[in-house]
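1. Below is the sequence, then the predicted model.
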Amino acid sequence: MKIIVLGTRGFPNTQGGVEKHSENLYPQLVKKGCEVVVLTRKPYVNPAINSYQGVKLIPLSCPKNKFLEAFYHTFSGVFAAKKLKPDILHIHAIGPSLFIPLAKSLGLKVVMTNHGPDYNRKKWNWLGKIILRTGEAWGSKAADQIICISQSIADGIKKKYNRESKVIPNGVVMHQIVQSDNILKQYGLKKGKYILAVGRFVPEKGFHDLIEAFTMSQCHNVTTSQVKPWKLVIIGDADHEDKYSLELKRKAKNTPNVILTGFLSGLPLQELYSHAGLFALPSYYEGLPIVLLEAMSYGLSCVVSDIPANREVGLQEDRYFKAGNIQQLAEKIIEFISKPLSPDEKSRQISLISEKYDWGRIAQQTLEVYRLISGF
């Protein structure tokens, strides 16, 4: 079965949820006998890398612009896909799904994966939100099959468009906890004495709230001796530098004990996950956060915003706080830095993530969706 993929910037080691999803899913499908070709966005990838774990990578030109790149890349990608004569065209995210009717008019069989209502992201202006809503509507009506990464997304599609979809979540690569600590030494960190957050520098990730809550927790009279040795480490960067990302970096620079590492992957990322004392996810919006699944796979104690996507992961009730409530987030930080997970709790959490979010099983479920419309 030949699969062409659109809607991701590309991989390996490219920042973003859809990118991480694709990087882990498609090599698994290659192992199951599929031929997979991913049409990547040239500004984000190394053009010298033309394959990754059996997945063929073809970079297409597009402007590096948050308003135009997905539109331009997907439009040209649909025609490129037609020439490659796939059995399935798999389009990710609701923005690129705007072109599913075009793909259908060219005779292609299309699977759409909905990673969430991106029009809820704060970065989009009114026009961007209209285009994204249109992409969701057109894609949901025209696609041969729809995959949603969470039940809450699937419920929304059923309610709005009366379409059934297959819920197939994001997955996680299970890593061993590493003992090396080179990246910790680089930033002056102590094992178990820092809060970790990971993501892109966009408003809906809530990192501005996290910095304020961290500062508030350090000033708390009763627990100053517990909190003060701690640091806050935020891994990530902006895809497109803007007013928000520049202000976030300024705020971090001017706040004691806050460290921005930039985008990391591989061993440095594993080291920071392995040795963190607490993981925080203060997002206002998520599809199904891979970074949270990764944190849980390392057995980390987590505090997260109370939004539908985070609820689906199934943390204990006391680990949720209202998105945007800085006081409540500060209280959670103070509470949980002094209440680490027990070895048994860590073991149960790791086992849950390993069983529920296994990429091999996710690939098999995706392959079954392909077979529904491909004739294989």
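-> Right, received. Where do you want to start? Keep in mind that what you see is a predicted model, and the values were worked out from it rather than measured.
2. ok, how many other residues are close to the nearest residue to F376 once chain neighbours are set aside?
-> Sequence neighbours aside, M1 is the residue nearest to F376 in space, at 5.0 Å (criterion: CB to CB, 6 or more residues apart in numbering). For the C-beta atoms, the positions are set from N, CA and C on the backbone; glycine is no exception. Using other CB atoms under 10 Å, the number of residues around M1 comes to 17.
3. how about I147, secondary structure?
-> Taking DSSP: H, G, I helix; E, B strand; the rest coil as the rule, one finds I147 in the strand state.
4. do G10 as well
-> coil.
5. Could you number the chain from 572 rather than 1 from now on?
-> Noted, 572 is the first residue going forward, which turns the last one into G581.
6. doesn't V626 make contact with it?
-> No. Shown here, G581 and V626 do not form a contact pair, counting by CB atoms under 8 Å, at 10.4 Å.
7. Between the two, which has more neighbouring residues?
-> Per other CB under 10 Å, whichever of G581 and V626 has more neighbours is G581, with 27 against 23.
8. OK, contacts around the closest residue to the more buried one other than its chain neighbours?
-> Setting aside the residues directly before and after it, G581 is nearest to T611 in space (CB to CB, 6+ apart), at 3.0 Å. Shown in contact with T611 (CB atoms under 8 Å, 6 or more residues apart in numbering): T579, R580, G581, F582, L628, I629, P630, L631.
9. Verify the assumption that T611 is located in a strand.
-> Yes. T611: assigned to a strand according to three-state DSSP.
10. Now tell me what touches whichever strand or helix holds Q841 from outside.
-> Using DSSP states H and E, Q841 sits in helix 837-846. Identification of contacts with helix 837-846 by CB under 8 Å, 6+ apart yields 584, 746, 748-755, 760, 762-763, 765, 767, 804, 806, 832, 835, 865-866, 869, 871.
11. Sketch out the low-pLDDT regions of the stretch 672-821 of the chain for me.
-> 791-799 (pLDDT under 70).
12. Contacts for stretch 695-715, please.
-> Contacts for stretch 695-715 (CB under 8 Å, 6+ apart): 638, 642, 662, 665-669, 671-672, 675, 680-683, 685, 688-690, 717, 728, 731-732, 734, 943-944.
13. Stretch 934-947 now?
-> 572, 574, 596, 599-600, 602-603, 605, 658-659, 661, 680, 682, 715-716, 718, 737, 739.
14. Among those, name the buried ones.
-> 572, 574, 596, 599-600, 605, 658-659, 661, 680, 682, 715-716, 718, 737, 739 (16 or more other CB atoms under 10 Å).
15. Which of those residues fall within strands?
-> I574, I659, H661, V682, Q716, I718, K737 (DSSP state E).
16. got the contact list for the fifth one?
-> It refers to Q716. Here Q716 is in contact with V682, M683, S736, K737, V940, L943, I944 (CB under 8 Å, 6+ apart).
17. Just the buried ones from the residues you listed?
-> Looks like the contacts of Q716 have V682, M683, S736, K737, V940 buried, using 16+ other CB under 10 Å.
18. would you say L628 is within a strand?
-> Yes. Per three-state DSSP, L628 lies within a strand segment.
19. That one contacts S622, doesn't it?
-> Yes. Using CB under 8 Å, L628 is in contact with S622, at 6.0 Å.
20. more crowded one of these two?
-> L628 (21 against 13).
21. Find me the pLDDT at that one, would you?
-> On the pLDDT scale, L628 is placed at 98.
22. again, but for the one 10 residues further on
-> Confidence at F638, expressed as pLDDT, is 74.
23. Give me the neighbour count for A768.
-> Residues near A768, counting by other CB under 10 Å: 24.
24. L835 against V804, yeah?
-> No. L835 is beyond contact range of V804, at 10.0 Å (criterion: CB under 8 Å).
25. These two: who's more crowded?
-> V804 (21 against 18).
26. which SS class is that one?
-> V804 ends up strand, using three-state DSSP.
27. returning to what we had before: for the residue nearest to G581, list each beta-bridge partner.
-> T611 has the following beta-bridge partners by DSSP bridges: P630.
28. one step back: so which of the ones in strands among the buried ones among the contacts of stretch 934-947 is the closest to E590?
-> Distance to E590, by CB to CB, is smallest for H661 among those, at 14.4 Å.
29. domain ranges for this protein?
-> Per automatic domain parsing, the structural domains of the chain span 573-739, 753-927.
30. can you list these in a markdown table and add distance to A934?
-> Formatted as a markdown table, those follow (distance: least, CB to CB, whole Å):
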| stretch | distance to A934 |
| --- | --- |
| domain 573-739 | 3 |
| domain 753-927 | 15 |
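31. Break down the stretch 822-947 of the chain into its strands, ranges please.
-> Assigned by DSSP state E, counting those that start in this stretch, the stretch 822-947 of the chain shows strands spanning 829-833, 849-852, 873-876, 891-892.
32. okay if I get these as a markdown table plus mean pLDDT?
-> Listed next are these as a markdown table, based on pLDDT from 0 to 100:
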| stretch | mean pLDDT |
| --- | --- |
| strand 829-833 | 97 |
| strand 849-852 | 98 |
| strand 873-876 | 97 |
| strand 891-892 | 97 |
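33. what is in contact with G581 and V626 at once?
-> By CB under 8 Å, 6+ apart, the residues touching both G581 and V626 are V609.
34. What is the burial count for I878?
-> I878: 21 neighbours (other CB under 10 Å).
35. and the closest residue to it other than its chain neighbours, how many neighbours?
-> Nearest residue to I878 in three dimensions, chain neighbours excluded: A894, at 5.8 Å (CB to CB, 6+ apart). With neighbours defined by other CB under 10 Å, the count for A894 comes to 19.
36. I'd say A894 and S854 touch.
-> Yes. Look at A894 against S854 with CB under 8 Å: they come within range, at 6.9 Å.
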